[in-house]
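Q: quick one, structure for this:
(one chain, ligands or ions: 1)
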Amino acid sequence: MVLPPYHPVVERARLYEVGFETIVDFFYRLAEAADKLREEGFWLNYGPERLPDYIEVPARGTLRVKYGFPVYQKGGVCMDVTNTEQAGIAEEAGAASVMVLDKLPYDIRRQGGVARMADVRVIQQVMDTVTIPVMAKVRIGHYYEAAVLESIGVDMIDESEVLTPVDEKHHINKWLFKVPFVNGARNLGEALRRITEGAAMIRTKGEAGTGNVAEAVRHMKIIVGEIMKLRSMTPEERLRAAREYGVPHQLVDLTARLGRLPVVNFAAGGIATPADAALMMWLGADGVFVGSGIFKSKDPRERAEAIVLATSMWHDPETVAEAQAMISEQKSMMGIDIRRLKPEELLQVRGE
Ligand SMILES: O=C(CO)[C@H](O)[C@H](O)COP(=O)(O)O
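A: Residues are numbered from 1 along each chain as shown. As a prediction, the model looks like this:
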């Protein structure tokens, strides 16, 4: 992974850079998963040939690890799972990682009530069952759910609007943790604020649990469009944009220079078919998160495999067509028309 040469956020994070255990095992675990997928014919953008850069890294929790982990996920699919059986299906299908949660976003939406982090025992069982990385979700602002997940050794934490926020105004200060975090965003300001708080990865929020990819498309286009706009701004205009976003101007300059977010950016929320996943990749996503679309369908095994194939081969319409042929539209989850949702039912507005 290439760390930006000068990055104020990175500089600040060095304060928290302390090394403890070896991460070599961790990267071998990733490499094994990548080898397995390659044997099965999947192309993935990570693997043992990338290891030597990292093998020297002495510690878990350094910036290189925090920012490097999401890079290893690129081109892959992270699947939401609620139990070991689903986690097994995800791994067999070639998922790059799994995300453990108590209920799938579709069920959270239907059942209402307070949605919290998953049962710790279930997370541990999933970690014992699969060899691919395991992520889990915490509520926005819930430092202690995050501390618990870090202590049991999850590979990444998703501070997610899908769960019920405990703090309407503040996200977790993610620099305080060694484990990497991913956060949702629906525009560039949100994305840069989360990066400033220490997020190592961003995902578009979309509207999770709807089986409707329209909001993920909207958010990805907004983020890409706003980055393009930054590139045509004068330094003074960028300074003002940084003030409006509430982030360091160096981060805005860096984003303009790179022409993309300085961290890995996945798409999420409403992806339900291989063609949805390929569309998000075509729009510039580095990979995808899929939850309800797989396990609320009637063909989760085939669909999981098909979405992995379409995500890694998004640039080849014939392969995406093959992937699309692996599933049946009759078996897709029933989608929700977003215009029918009441404003208070929208998850994407949580945590700006
Ligand atoms: O919050 C998430 C990303 O971490 C969910 O994994 C994602 O949004 C799932 O949404 P859906 O159920 O619509 O696929």
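
Q: I'd guessed residue 217 sits against residue 285; true?
A: No: under the criterion of Cβ atoms under 8 Å, residue 217 makes no contact with residue 285, lying 10.2 Å away. Just so you know, the C-beta spots here come from the backbone N, C-alpha and C atoms, and that holds for glycine as well.

Q: out of the two, which sits in the busier spot?
A: Shown here are residue 217 and residue 285; by other Cβ atoms under 10 Å, residue 285 has more neighbours (28 against 19).

Q: thought that one was touching residue 267?
A: Yes: contact criterion Cβ under 8 Å: residue 285 and residue 267 qualify, at 3.8 Å.

Q: what is in contact with the two at once?
A: Shared contacts of residue 285 and residue 267, defined by Cβ atoms under 8 Å, 6 or more residues apart in numbering, are found at 204, 220.

Q: counting residues per helix, which one in this structure is longest?
A: helix 214-231 (DSSP state H).

Q: mind listing what's buried along the helix or strand just after that helix?
A: Going down the chain from helix 214-231, the next helix or strand is helix 235-245, by DSSP states H and E. Under the neighbour-count criterion of 16 or more other Cβ atoms under 10 Å, helix 235-245 has 238, 241-242, 245 buried.

Q: what number of residues lie near the residue of the stretch 51-200 of the chain at minimum distance from the ligand?
A: Residue nearest to the ligand within the stretch 51-200 of the chain: residue 105 (3.7 Å; Cβ to the nearest ligand atom). Burial of residue 105 is recorded as 29 neighbouring residues (other Cβ under 10 Å).

Q: before we move on, what about residue 321?
A: By the measure other Cβ under 10 Å, the count of residues near residue 321 is 13.

Q: could you give me the average pLDDT of the helix or strand where it lies?
A: Residue 321 belongs to helix 317-325 when assigned by DSSP H and E. When pLDDT is averaged over helix 317-325, the result is 96.

Q: return, as residue ranges, the portions of the stretch 51-200 of the chain with sub-threshold pLDDT.
A: 51-64 (pLDDT under 70).

Q: ranges for the strands of it?
A: 77-81, 97-100, 134-139, 156-160, 181-185 (DSSP state E, counting those that start in this stretch).

Q: for the shortest one, packing partners?
A: Helices and strands touching strand 97-100, by 3 or more Cβ pairs under 8 Å, 6 or more residues apart in numbering; DSSP states H and E, are strand 77-81, helix 84-93, helix 120-129, strand 134-139.

Q: for the ones you listed, give me CSV that also has mean neighbour count and distance to residue 293.
A: Converted to CSV, the helices and strands packed on strand 97-100 look like this (neighbours: other Cβ atoms under 10 Å; distance: least, Cβ to Cβ, whole Å):
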stretch, mean neighbour count, distance to residue 293
strand 77-81, 28, 9
helix 84-93, 20, 13
helix 120-129, 16, 19
strand 134-139, 26, 17
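
Q: let me have these in a markdown table, extended by distance to residue 295.
A: As requested, the helices and strands packed on strand 97-100 are exported to a markdown table (distance: least, Cβ to Cβ, whole Å):
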| stretch | distance to residue 295 |
| --- | --- |
| strand 77-81 | 7 |
| helix 84-93 | 6 |
| helix 120-129 | 14 |
| strand 134-139 | 15 |
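
Q: wait, which of these is closest to residue 322?
A: Closest to residue 322 of the helices and strands packed on strand 97-100, according to Cβ to Cβ: helix 84-93, at 14.9 Å.

Q: report the angle between that closest one and strand 134-139.
A: Helix 84-93 and strand 134-139 are oriented at 130 degrees to each other (axes from the mean of the first three to the mean of the last three Cα atoms, to 10 degrees).

Q: sounds good, over and out.
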